[in-house]
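A.B. asks: Quick one: sequence plus predicted model below, questions after.
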Amino acid sequence: MESSLFRFFVSGEEKQVFPGSHLWEVPLSGKNTQTSFNISSNNPIQKSLVTIGDYFSAAHRFLSENDFSRLKTGLEIFLKRPGLTHQFERITLFLEKHGAFYHPLKIEVRLIENQSCYFVLNGAVSRLGLALIENEYQLISGLNKTFPKQYLPRVFSVDVIKTDKGRIGFFLGEWFEGYKEFHATQKQGRRKVVIWESDGSYNYISETMALPIYHEISRILTCYYDIETFEQIFPWHHGAGDFIVKIEDDKIDVRMITVRGYSALTELDDSSENKTKHILPGLLFFFLNLTLRIRLDRLNGTGPAVILGKKIIPVAIEGFLQALEEKATQYDYGDIRLSFIEFFRQFNLEQIMELMENILESCHSDASEISVIKENIESHSRILHAIFKKV
């Protein structure tokens, strides 16, 4: 291991982590149990868990293989100078956090020519994470090629590293520097949104101040919706930190960092002669599900399920309709925005509520989420119905 070139850090720790240090031997999961699972059989077996040091070592191998070809590919794209040979001054790996499937590493590449580039290296050690990682890499890569506006990270390489502790999967992508994770929180009896800093600190903003964030989330998800095939990014969840935000000079910029699935959720006849007939019903299903899901979060990311305030509904509608205007240039169906508004107005309140209940039954949520949605589904439907009367 090139000790002079690579450095390793764990978020929240000031000192460098290196072979022989305490943190190097700590299990990556943070748990000391030695029980793991046989990936092929799902049976528990006794084996050593992957440590932080094991994980850093595997990441080092992934980045340095074939004369750093993976990093060089990313650098050529970032710097827009293909074919250059780059001299590395330092490569620093920061273990940022532990997600449900991945353990993301922030990679800072410092070049001798006094330039720095940042990457994300998503890594998976669990059976579910390993099953997801290559599929997600292909999904993001495909969406980046298909859609002209990109809100997902560029991705550069994917592979599985075999170690004496098992397989560790990685994919290298673009790090959105300056973007933060955010979640609903409760402070002094009032609902707020907390934006997390990488050092563990956080900043509170009111739900009202956060409205532009949810407007952009609605617009982004609609941008990736295919009105002909009904394919969409799903599942997604605020609680999982799927979206991140950067706020500079009162300007808000939102990005999406993960795609766990991209498929049609509606079972409509998509034959060519009926394609136009089903565009608006498919779009309605997507829209209603979007307006429900965009209000669903977990307090501080991992706490109880909560429904965000009603003020999010109008901005979610605005984001959705704005994206439809943008889509009008991609499809030869005229004014999609106006067509959808007229189509929605055909439904009365009772019909909207019935559609909402059908969506709740067809789209999986855990029991606590279903409970809070059911408590709010009538008021949610009433607001939608009232807004479209005035649009």
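C.D. replies: Nice, I can see it.
A.B. asks: so where is this structure shaky, pLDDT-wise?
C.D. replies: 1-3, 30-48, 82-86, 199-200, 268-276, 364-365 (pLDDT under 70).
A.B. asks: hey, which helix is longest across it?
C.D. replies: For the chain, the longest helix by residue count, based on DSSP state H, is helix 52-79.
A.B. asks: which helices and strands does it pack with?
C.D. replies: Judged by 3 or more Cβ pairs under 8 Å, 6 or more residues apart in numbering; DSSP states H and E, helix 52-79 is in contact with strand 6-10, strand 88-95, strand 105-111, strand 115-124, strand 155-163, strand 166-174. The way it works is simple: take the backbone N, C-alpha and C, and place the C-beta from them, glycine included.
A.B. asks: What strands line up against the longest one, and which way round?
C.D. replies: Read that as strand 115-124. Here strand 115-124 is paired, per DSSP bridges, with strand 105-111 (antiparallel), strand 166-174 (antiparallel).
A.B. asks: following the last one, which helix or strand shows up next?
C.D. replies: Downstream of strand 166-174, the first helix or strand assigned by DSSP states H and E is strand 180-187.
A.B. asks: okay, the helices and strands packed on helix 52-79 in JSON lines with mean neighbour count and distance to L49 next?
C.D. replies: What follows is those, written out as JSON lines (neighbours: other Cβ atoms under 10 Å; distance: least, Cβ to Cβ, whole Å):
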{"stretch": "strand 6-10", "mean neighbour count": "20", "distance to L49": "16"}
{"stretch": "strand 88-95", "mean neighbour count": "19", "distance to L49": "15"}
{"stretch": "strand 105-111", "mean neighbour count": "20", "distance to L49": "18"}
{"stretch": "strand 115-124", "mean neighbour count": "20", "distance to L49": "14"}
{"stretch": "strand 155-163", "mean neighbour count": "17", "distance to L49": "12"}
{"stretch": "strand 166-174", "mean neighbour count": "23", "distance to L49": "9"}
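A.B. asks: just so I know, which of these lies nearest G241?
C.D. replies: Checking these against G241 by Cβ to Cβ gives strand 115-124 as the closest, at 12.5 Å.
A.B. asks: What is the subsequent helix or strand relative to the closest one?
C.D. replies: helix 127-146.
A.B. asks: Report the buried residues of that following helix.
C.D. replies: Of all the residues in helix 127-146, those buried under the rule 16 or more other Cβ atoms under 10 Å are 127, 129-130, 132-133, 136-137, 139-141, 143.
A.B. asks: Quick one, which of the strands paired with strand 115-124 gets closest to L284.
C.D. replies: L284 lies closest, by Cβ to Cβ, to one member of these: strand 166-174, at 33.5 Å.
A.B. asks: Just want the angle from that closest one to helix 52-79.
C.D. replies: Angle of strand 166-174 versus helix 52-79, following axes from the mean of the first three to the mean of the last three Cα atoms, to 10 degrees, is 30 degrees.
A.B. asks: Now do strand 166-174 and helix 127-146, the angle between them.
C.D. replies: 30 degrees.
A.B. asks: Report the distance from strand 166-174 to the chain centre.
C.D. replies: In this view, strand 166-174 has its centroid 16 Å away from the chain centroid, taken as Cα atoms, centre = their mean, to the nearest Å.
A.B. asks: Likewise for stretch 92-111?
C.D. replies: Taking Cα atoms, centre = their mean, one finds stretch 92-111 lying 15 Å from the centre of the chain it belongs to.
A.B. asks: can I get the CA coordinates of it in PDB?
C.D. replies: Extracted in PDB, the C-alpha atoms of stretch 92-111 (Å, rounded to 0.1, in the frame of the first residue of the first chain):
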ATOM      1  CA  THR A  92      -7.500  10.800   0.700                       C
ATOM      2  CA  LEU A  93     -10.400   8.500   1.600                       C
ATOM      3  CA  PHE A  94     -13.100   9.600   4.000                       C
ATOM      4  CA  LEU A  95     -15.500   7.100   5.400                       C
ATOM      5  CA  GLU A  96     -18.600   9.300   5.500                       C
ATOM      6  CA  LYS A  97     -21.500   7.300   6.800                       C
ATOM      7  CA  HIS A  98     -23.200   3.900   6.800                       C
ATOM      8  CA  GLY A  99     -26.400   3.500   4.700                       C
ATOM      9  CA  ALA A 100     -28.900   0.700   4.500                       C
ATOM     10  CA  PHE A 101     -27.000  -0.800   1.500                       C
ATOM     11  CA  TYR A 102     -23.700   1.100   1.000                       C
ATOM     12  CA  HIS A 103     -20.800   2.600   3.000                       C
ATOM     13  CA  PRO A 104     -20.000   5.700   1.000                       C
ATOM     14  CA  LEU A 105     -16.400   7.000   0.800                       C
ATOM     15  CA  LYS A 106     -15.500  10.500  -0.200                       C
ATOM     16  CA  ILE A 107     -12.400  10.500  -2.400                       C
ATOM     17  CA  GLU A 108     -10.300  13.600  -2.700                       C
ATOM     18  CA  VAL A 109      -7.700  13.300  -5.500                       C
ATOM     19  CA  ARG A 110      -5.000  16.000  -5.200                       C
ATOM     20  CA  LEU A 111      -2.900  16.400  -8.400                       C
END
